[in-house]
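Chemist: please find the sequence and the predicted model below.
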Amino acid sequence: MRVRNRWVILSFAMVAQIAGVTAVFGVPAVLPQLGEALGTGTAQAGAVAGLPSLGLLLTLLLWGVVIDRAGERATIVLSLLLTAAALAALRAADGLWGVSAVMLAVGAAAGPVNAASGRLVLTWFSAAERGFAMGVRQSALPLGVALAALVLPGAAERWGFAPAMTLPAALALAAVPLVLLTAAPPPARPGAGGSPGGTAANPYRGPALWRVHGVSMLLGVPQVTLMVYALVYLVQEQGWEAPAAGAAVAAAQLPGAVGRLLLGVWSDRTGDRMRPVRWLAAATAPALLLLTLLPPLWNGAAVPLLLVCLVSTMWHNGLTFTAVAELAGTAWAGRALAAQNWLQAVSTTLTPLLMAAVITLWGLPAVFAVAAVFAAAAVAAVPALRGARAGAHR
């Protein structure tokens with residue numbers, strides 16, 4: 001008997017997504033044990049820990065085609081099984097190159113779960129509740145990272161790197177029967193976001209979807225900038241101790257997650273996904289600029305401004321993912337969401353390189369001014385969609 005309750009199906013998909021997140025982003029939590037296992041320093045171990053993200057980049061677009069052709073359930077199950085197999089292979093991997101190859105395979109295998117679960121939201125939820133549902137789904141990333149940070153370091157200290165990584169493998173296998181319990185996508189209904197039969201027109205022939213992708217990449221720059229440099233800014237520029245700075249940054253995750261849910265509900269009620277994104281970008285750009293310019297004149301403004309920017313840069317993701325799914329329609333949603341993930345991964349990868357150059361030339365506070373330029377550009381790039389329901393009825 002298969003489950004047909006959409007909220008239960010969303011919960012099962014979240015378990016699968018959390019399993020994928022712990023596999024891909026759990027390695028940094030056990031970086032010391034990885035270095036010991038490889039007999040290398042922190043720099044080389046860190047490079048190996050980044051290989052799952054490279055695996056994602058190399059395969060996400062291909063996985064998008066698989067999602068649209070084979071469906072969400074089959075793709076998620078295949079991804080979970082391949083992820084578990086790749087993690088299990090760590091026990092047999094030999095040396096730096098062997099572990100590196102396995103880490104690349106882990107990222108390649110785990111890639112499609114995020115896009116496939118987003119397509120599930122499109123097919124199972126109406127436009128009136130899709131924003132909230134996508135916001136709930138987006139919470140799987142911080143939950144997976146938090147789970148990895150809580151569980152894997154202790155396991156790695158006790159058992160070593162490779163045995164500890166069997167825990168994400170076990171979670172992936174445990175999620176397989178849950179995903180198999182879900183029913184096939186429901187028949188298309190008004191507001192469901194396109195035809196399930198795969199005959200819808202190519203949404204990339206128009207500019208709207210490209211612009212939403214572009215907005216996500218632009219807003220990814222301030223988001224990643226705050227994620228990478230907020231703690232460092234508090235320590236180096238404000239004189240905080242690292243544990244206190246880490247606690248402050250961690251505390252900002254809660255309003256960041258809640259904001260995604262609230263904006264999702266708001267967009268469901270108004271039928272507009274992208275107008276709140278424009279407002280967020282318009283508010284974030286001057287806040288980032290002030291974070292660069294005001295603290296030298298009034299140091300007391302530094303921490304409040306930093307926390308405001310840290311929170312506001314987290315809020316757009318659920319809305320942009322929902323807009324992408326609705327503009328693409330069911331027949332193209334897998335490819336469009338995979339492209340969204342891929343482009344965001346590009347932004348995530350390139351932003352630290354850009355900001356490293358900025359710090360070298362102008363100092364750490366200047367990264368926020370540069371990030372403000374990208375937020376301002378996003379204001380202009382946001383497409384003027386006539387509400388989410390308009391996108392769903394293309």
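Modeler: Perfect, thanks for sending it. Just so it is clear, the model here is predicted, and its values are computed rather than measured.

Chemist: neighbours of V308, how many?
Modeler: Neighbours of V308 under the rule other CB atoms under 10 Å: 18. Heads up, the C-betas are built off the backbone N, CA and C, glycines and all.

Chemist: contacting residues around it?
Modeler: V308 sits next to A287 when contact means CB atoms under 8 Å, 6 or more residues apart in numbering.

Chemist: okay, and it sits in which element?
Modeler: helix 302-312 (DSSP states H and E).

Chemist: could you give the mean pLDDT of that helix?
Modeler: Average pLDDT, helix 302-312: 93.

Chemist: now do that helix: distance to the chain's middle.
Modeler: 21 Å (CA atoms, centre = their mean, to the nearest Å).

Chemist: which residues sit against the next helix or strand after that helix?
Modeler: For helix 302-312, the succeeding helix or strand toward the C-terminus, using DSSP H and E, is helix 317-328. The contact list for helix 317-328, computed with CB under 8 Å, 6+ apart, reads 118-119, 121-122, 127, 130-131, 134-135, 137-138, 193-194, 203, 208-209, 212-213, 215-216, 219, 260-261, 263-264, 267, 273-274, 276-277, 333, 335-337, 340, 385, 388, 391-392, 394.

Chemist: so which residues of the stretch 201-350 of the chain form helices?
Modeler: In the stretch 201-350 of the chain, the helices defined using DSSP state H, counting those that start in this stretch lie at 207-236, 242-251, 253-270, 274-293, 302-312, 317-328, 330-362.

Chemist: for the ones you listed, which one sits closest to M103?
Modeler: helix 330-362 (15.6 Å; CB to CB).

Chemist: so where is the stretch 101-250 of the chain shaky, pLDDT-wise?
Modeler: Low-confidence segments of the stretch 101-250 of the chain, defined by pLDDT under 70: 183-200.

Chemist: go again with 80.
Modeler: 138-139, 141-143, 145-146, 149-150, 183-200, 227-228, 231, 242-243, 246-247, 249-250 (pLDDT under 80).

Chemist: for the residue positioned nearest the centre of the chain, which non-adjacent residue is spatially closest?
Modeler: Nearest residue to the geometric centre of the chain (CA atoms, centre = their mean): L141, 6.0 Å. The shortest distance from L141 to any non-neighbouring residue, by CB to CB, 6 or more residues apart in numbering, is to V21 (5.7 Å).

Chemist: assign the one you found to helix, strand or coil.
Modeler: Assigned by DSSP: H, G, I helix; E, B strand; the rest coil, the conformation of V21 is helix.

Chemist: thought it was touching A140?
Modeler: Yes. Look at V21 against A140 with CB atoms under 8 Å: they come within range, at 6.3 Å.

Chemist: higher neighbour count, the two?
Modeler: Per other CB under 10 Å, whichever of V21 and A140 has more neighbours is V21, with 24 against 21.

Chemist: quick one: contacts for that one?
Modeler: When contacts are taken as CB under 8 Å, 6+ apart, V21 is in contact with A140, L141, L143, G144, V145, A148.

Chemist: and which of these is nearest to P286?
Modeler: Nearest to P286 out of the contacts of V21 is L141 (CB to CB; 27.5 Å).

Chemist: element containing that closest one?
Modeler: If you go by DSSP H and E, L141 is part of helix 140-159.

Chemist: what's next to that helix, contact-wise?
Modeler: 14, 17-22, 25-26, 29-30, 32-33, 114, 117, 163-165, 167-168, 253, 256-257.

Chemist: angle of that helix against helix 242-251?
Modeler: Here the directions of helix 140-159 and helix 242-251 differ by 140 degrees (axes from the mean of the first three to the mean of the last three CA atoms, to 10 degrees).

Chemist: pull helix 140-159 out as PDB, backbone CA atoms only.
Modeler: Once non-C-alpha atoms are left out, helix 140-159 reads as follows in PDB (Å, rounded to 0.1, in the frame of the first residue of the first chain):
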ATOM      1  CA  ALA A 140      16.500  19.900   4.800                       C
ATOM      2  CA  LEU A 141      19.900  21.500   4.000                       C
ATOM      3  CA  PRO A 142      20.500  23.100   7.400                       C
ATOM      4  CA  LEU A 143      19.000  20.100   9.100                       C
ATOM      5  CA  GLY A 144      21.400  17.800   7.300                       C
ATOM      6  CA  VAL A 145      24.400  19.900   8.000                       C
ATOM      7  CA  ALA A 146      23.400  20.200  11.700                       C
ATOM      8  CA  LEU A 147      22.900  16.400  11.900                       C
ATOM      9  CA  ALA A 148      26.300  15.800  10.400                       C
ATOM     10  CA  ALA A 149      27.900  18.300  12.800                       C
ATOM     11  CA  LEU A 150      26.300  16.600  15.800                       C
ATOM     12  CA  VAL A 151      26.900  12.900  15.000                       C
ATOM     13  CA  LEU A 152      29.800  12.500  12.700                       C
ATOM     14  CA  PRO A 153      32.700  14.000  14.700                       C
ATOM     15  CA  GLY A 154      32.100  11.700  17.700                       C
ATOM     16  CA  ALA A 155      31.700   8.700  15.500                       C
ATOM     17  CA  ALA A 156      34.900   9.500  13.600                       C
ATOM     18  CA  GLU A 157      36.900  10.000  16.800                       C
ATOM     19  CA  ARG A 158      35.700   6.600  18.000                       C
ATOM     20  CA  TRP A 159      35.800   4.500  14.800                       C
END
